[in-house]
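Participant: curious how this folds, go ahead:
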Amino acid sequence: MHLYLGENPRTLYLATSQQDEKLGRPQRVLVFRVSPSNPSQAVVEFLHKDQADLSSAVLITNRAVKGCMGIISVGREIFVAVITSATEVGNTRPSANTPEYVARIHEVSFYSLSSSTWDDFSNSEQAWNHSDPDIINLRDNFVQGSGAGVLEHPCLPLTKILSSGSFYFALEPQWDLSTRFSERLSTPDNIEKGRTYDIANFDERFVWNEYIVRSLLDFRDRLDPQERDDLDRCQFIVSVIQGYVGIFTMALSAPPTNGAPVVATLSLISRLGWKRAGTRFNTRGIDDDGNTANFVETETIFSTDQHCFSYVQVRGSVPLFWEQQGLQTFGQRIQITRPTASQPAFDRHFAQIIDEYGSVHAINLLGTKDAEASLSHAYAKHLQAAKSIWGSDIGITHFDFHNAVRLGGHESVLRDLKRMDVISENIDRFGFTMCDISLNEVVIGQKGVFRTNCLDCLDRTNFVQDIISRTALEQYLQLIRREWIHSGSLWSYHRELWAENGDALSKIYAGTGALNTSFTRSGKRTLAGVLSDTTKSLSRAYINNFQDKSKQIAIDTLLGNLSDSRPVTIFDPIHDTVRVALEQRRTEYSSPKQCTIFAGTWNLNGRPPSTESLMPWLFPRPEMEPDMFVLGFQEIVPLTAQQILQTDPEKRRVWEMKLMDVFDRRGNKTCDYVLLRSEQLVGTALMVFVKSELTSVIRNVEGAAQKTGLRGMSGNKGAVALRLQYHDTNFCFITAHLAAGHSNVEERNSDCRTIVNQLRFQKGKMIASHQNVIWLADTNYRIDLENDVVRSLVQREELDGLLAADQLRHAMDSGIAFAGYQEGPLLFRPTYRYDIGTDNYDTSEKMRIPAWTDRILYQGSLDLTVYNRAELKSSDHRPVFALFRTVVWVVDQVKQDALARLLLENVTSTSNDEKLDEKLAALTLHPSTNDLPPPSSEDTAWWDRPDHPNGIFVVTEAEEARYRSSNPFDSPTDSPLSSSPSFSDEELYTAALQDPIAPAQFSVPVIVDKPPPLPSRARKPS
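Facilitator: Model (predicted):
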């Protein structure tokens, strides 16, 4: 097929070629252009070739296009991704009724639908004459320049990933490369021999272009059956996997009937999952949906003219919440981020594996010393808890790979694994898949799977999976042709495939080939192999620390994981109308749930926990048990040079244990709390504790940090943040320690801007990406008054005079810092600085001026009920706390889907005298904003119109009466508040502190905007 470009309007044509038509493909064209009414939407048409005007179009590339991977929005432009270079790998089952050819992608190109800026005709025999002088100048200025002046294609990072040689797709006739052999045979396509392959049926865990091809598949579903069949036969749309495919064909000895050898094919297919995709140090562990990093399904296929053998194994990161942050060298610094809140996600992961593969036995290859030991111990603990659900369907074997190699070499690993009864028993119990070629039916099915892991799931894991694959294949050969077990060529090819597989998966995740592959290939450990492994280790350390972040962003862009990612939709008035109406009626499928949050901040002055009770701070109302405790600490360690260079997490752990002890020992408790996650940057630490029953509905918990000390190079000042999603409402919590010094106001303002603009979570999320945000910090903002004046006002409880000189309030009121945030009334004395153990403000030589340095700010749908300080005296700061009430929304997916179907039927149903195309033409989407007048020019102003000369609007008496309003602070005469005595803020807050919060008394906001009217239905849904 070929790709053409036309103008007026700018259009891309993907057309079948003469070679395609000789192969029996229909003469068809897939047409792409931008929607004239919505530049973020595409228009796609599937036409007969004679219906498309290709006479004025030019060939944009002279390379034969292998297929379209999808449509993606990058920047503010829409791009079409097409495969422009690929080579055939081979046929995994030559004796099958339909061959299964695989191709490896070498180059993917992106062509813009939005502008001609990125057109490159260097690979085309035809030249394109740009009529737009701005485009000519732009390309001349950048493309002909050098160095930083070269204009980089916005999709270049995507091109690098997709053209890395690790992506594969199925060749004609199309088949499902994403699904393992046994599942393909059990699909209706194979059961009903008359049916053809359906490209829309695939294992969505492994199709890497699912995000960008989804709109094209939806477009395909809306075609009538004949057109859909033509589109599939043209192979315009392809689905791709990432991983490895290797195929070897060999001749094996035959029985002495005719002396002709048997031709056998040995294939290895590794399918890398995309749901928790990323690079080595950026993506570890599990997510809340049970997806693990570096999850790979690897299938060994051995095929002859009579039978086909398949054996499946999986690998994946340890299914716990753990990370490796900061600069990583050769020592492993592992942090288990949610030690007591991982079980729900852990259980989801194994539920998915058991549902997909049957029984599962985990082989854990982590070491028994240092950092790996703690991860291995937590793994065993969680799996033991999971046994209460699945019993004998789940098990684990711990095998210290490095220790075994150290004691007996790599050969000992093979011996030790085969001698382990639990491994041998499960190999026998799980079996393998065997298919009768003549019937194309499964004779024996695999009943379980081994799940192998090490730290990276690369080198050690690949080595052990090679052993298990060979053992299973030997069992199969014992049944059908025992003499082939001694075939040298068979096992040589088997070793080569696994060595190549290890290299391929390692390059994807870690940037270099795998270690130990010299032994995998040859069965020997050589000096050259040792030197090669050393070089790879050094390269990995550099790549993973300094290059992988940009690669991670590119991966997240491809998968639509970034916070600003939006899928390209194809113009479809039916579904667009339904989508808008569904959003406006969200209260019909969402229900509110009340939530209480305790937020507290305390500068500890580097001191460990004392005997002083924390109850007055954490439970100012003993009868109240908040859903979440969000606690921010500053100077949790002394801010020494040693701590700044290498932070000691032990002090944080001591405080975590102290807090858990307070939660466990409190009187009259009705619930338990667990540490959801904690995060630390030198002396600044943030901890979130939640009720234990909420861990299953709190998801997407992430941490991030931003240094601000020494212009961002030092962590003695800065912020740490945690984000989470509680049901379908998200929160962001930030604790910070800003620049010190009475007069350093601008430095503090600058620190705030740096944190807001530069702190990033995964997938590009920022603080502003969240619905609810709470800052709990030592802001270090001071009071601009003389020391004796401040102390005198404090002594007389005249806090309004202090507030008028508060630096933070000035910054907030002017919008210089913390713009858009709120703070409760400051009805308590300044919290800084005290002589430790006393109620006396600083009496040292420096005599610091008292100030409200410790503050809690917030924005979003949060109702502040209490804002106060606690009288704890073990630090030179007093801790501050706030109690919030809010509503989280719970989306009922079943109700949402049902409403969507109802709305869709409403749109598509017609009365007897109404045609659907006429009804669709009359549909108009309600815009979110009113139409704006045309912009002003040098000659005219938008407000100067004939009916309003010079912008003067005459208001009639009727209009004046309509918009005239009374004093908004006046109460209605019939309101009970009109006759009530007035209270001061202090009296109201004192009363609020004494009265318990009644969680059931929430008033839930009701959305009163009505959805746009939908066309009437001719009949009611059945």
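
Participant: so where's the stretch 151-300 of the chain shaky on pLDDT?
Facilitator: The model of the stretch 151-300 of the chain has pLDDT under 70 over residues 187-197, 255-259.

Participant: now the helices for it?
Facilitator: With DSSP state H, counting those that start in this stretch as the criterion, the stretch 151-300 of the chain has helices at 156-162, 181-185, 188-191, 210-221, 225-234.

Participant: flag every buried residue along stretch 710-727.
Facilitator: Within stretch 710-727, the residues scored as buried using 16 or more other CB atoms under 10 Å are 714-727. Quick note: C-beta positions are derived from backbone N, CA and C, even for glycine.

Participant: got it, and stretch 773-788?
Facilitator: Under the neighbour-count criterion of 16+ other CB under 10 Å, stretch 773-788 has 773-785 buried.

Participant: start to end distance for that stretch?
Facilitator: End-to-end span of stretch 773-788 (CA to CA, to the nearest Å): 36 Å.

Participant: if we can go back for a sec, now distance to residue 224, secondary structure and pLDDT too, for the buried residues of stretch 710-727, in JSON lines please.
Facilitator: Shown next, in JSON lines, are the buried residues of stretch 710-727 (distance: CB to CB, whole Å; DSSP: H, G, I helix; E, B strand; the rest coil; pLDDT from 0 to 100):
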{"residue": "714", "distance to residue 224": "65", "secondary structure": "strand", "pLDDT": "73"}
{"residue": "715", "distance to residue 224": "62", "secondary structure": "strand", "pLDDT": "73"}
{"residue": "716", "distance to residue 224": "67", "secondary structure": "strand", "pLDDT": "81"}
{"residue": "717", "distance to residue 224": "65", "secondary structure": "strand", "pLDDT": "89"}
{"residue": "718", "distance to residue 224": "60", "secondary structure": "strand", "pLDDT": "94"}
{"residue": "719", "distance to residue 224": "57", "secondary structure": "strand", "pLDDT": "96"}
{"residue": "720", "distance to residue 224": "56", "secondary structure": "strand", "pLDDT": "96"}
{"residue": "721", "distance to residue 224": "52", "secondary structure": "strand", "pLDDT": "97"}
{"residue": "722", "distance to residue 224": "51", "secondary structure": "strand", "pLDDT": "97"}
{"residue": "723", "distance to residue 224": "46", "secondary structure": "strand", "pLDDT": "96"}
{"residue": "724", "distance to residue 224": "46", "secondary structure": "strand", "pLDDT": "96"}
{"residue": "725", "distance to residue 224": "41", "secondary structure": "strand", "pLDDT": "95"}
{"residue": "726", "distance to residue 224": "45", "secondary structure": "strand", "pLDDT": "96"}
{"residue": "727", "distance to residue 224": "41", "secondary structure": "coil", "pLDDT": "94"}
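
Participant: other SSEs contacting the helix or strand containing residue 592?
Facilitator: Assignment of secondary structure by DSSP states H and E places residue 592 within strand 590-603. Strand 590-603 sits against helix 615-618, strand 628-634, strand 729-737, strand 772-778, strand 854-859, strand 880-891, with contacts defined as 3 or more CB pairs under 8 Å, 6 or more residues apart in numbering; DSSP states H and E.

Participant: if we use 6 Å, what do you get?
Facilitator: Counting contacts by 3 or more CB pairs under 6 Å, 6 or more residues apart in numbering; DSSP states H and E, strand 590-603 packs against strand 628-634, strand 772-778, strand 880-891.

Participant: and those: which comes nearest residue 101?
Facilitator: strand 880-891 (43.3 Å; CB to CB).

Participant: neighbours around the residue nearest to residue 451 when sequence neighbours are not counted, how many?
Facilitator: Excluding the flanking residues, the one nearest residue 451 by CB to CB, 6 or more residues apart in numbering is residue 362, at 4.7 Å. By other CB atoms under 10 Å, the residues close to residue 362 number 23.
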